[in-house]
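Visitor: sequence and predicted structure, then a few things I'm wondering about:
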Amino acid sequence: MSKKALIMIDLQNDFCSEGSLAVNGAEEAVLLANQLQPFFDLIIATQDWHPEEHHSFVDLWPVHCVQNTTGAALHDHLNQVRIDKIFYKGMHEKVDSYSAFFDNEHLYATGLGGYLQSKKVTEVYLLGLATDYCVKYSCLDALQLGFKVYVIADACRAVELNVGDSEQALREMEAAGAIIISSSQIMQASS
Ligand code: VGL
Ligand code: ZN
């Protein structure tokens, strides 16, 4: 039997309202994440986990998700009881990591790919923050690693630096082989 993993990407305070890099509607993604968890064999969370001096803070992003701060913590409303394992990324000072699998230069693996393979997972379902960065790059890496990839579009939210980035990211993921679905398709199909 092929196993299905839910990968909840960066549902952290700094990406939610009041956070330093707030993504519109992030709390709705958190609520859907809770509702979707019962439909999966394995549940993974990721956390953007930067050192204080991370190079992305210099001119790209506001200071966000600094290790062991409240901003880097998973959102309080996220049900964490069923999480099997948490993967951290972006710890390297000089190389960022949007993907949950590899850093942006593909030099270091986070261990998520090997972990999923060891658990016999063949299908991964992605949700979280942000559609146009960490969700997108995680999706593209997962496809490259040979997983069947579903992106739960209504359970993702985008930074949307430019209007249309969210939609474009979804189209890019789809073109690369991902299947874009909605949370209701999962909840209906399995009930
Ligand atoms: C993210 C920008 C910077 C994300 C992380 O989680 O999508 N975006 N760091
Ligand atoms: Zn970051």
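Guide: It's in. Ligands and ions are numbered 1, 2, ... in the order given.

Visitor: touching, Asp41 and Val121? I think so.
Guide: Yes. Counting by C-beta atoms under 8 Å, Asp41 touches Val121, with 7.4 Å between them. (C-beta placed from N, C-alpha, C; glycine too.)

Visitor: what residues are shared contacts of those two?
Guide: Contact criterion C-beta atoms under 8 Å, 6 or more residues apart in numbering; residues shared by Asp41 and Val121: Lys3, Lys4, Ala5.

Visitor: residues contacting Ala5?
Guide: Shown in contact with Ala5 (C-beta under 8 Å, 6+ apart): Phe40, Asp41, Leu42, Ile43, Ile44, Leu116, Lys119, Val121, Glu123, Val124, Tyr125.

Visitor: now the third one: closest residue in space, sequence neighbours ignored.
Guide: Which is Leu42. In this structure, Leu42 finds its nearest non-sequential neighbour in Ala5, 4.2 Å apart by C-beta to C-beta, 6 or more residues apart in numbering.

Visitor: where do the strands sit along the protein?
Guide: Ranges of strands in the chain, per DSSP state E, are 3-9, 42-48, 85-89, 121-129, 148-157, 179-181.

Visitor: listing partners with orientation, what would you give for the first one?
Guide: Here strand 3-9 has these sheet partners by DSSP bridges: strand 42-48 (parallel), strand 121-129 (parallel).

Visitor: do the shortest one as well
Guide: For strand 179-181, sheet partners with direction are given as strand 148-157 (parallel), following DSSP bridges.

Visitor: done for today, thanks.
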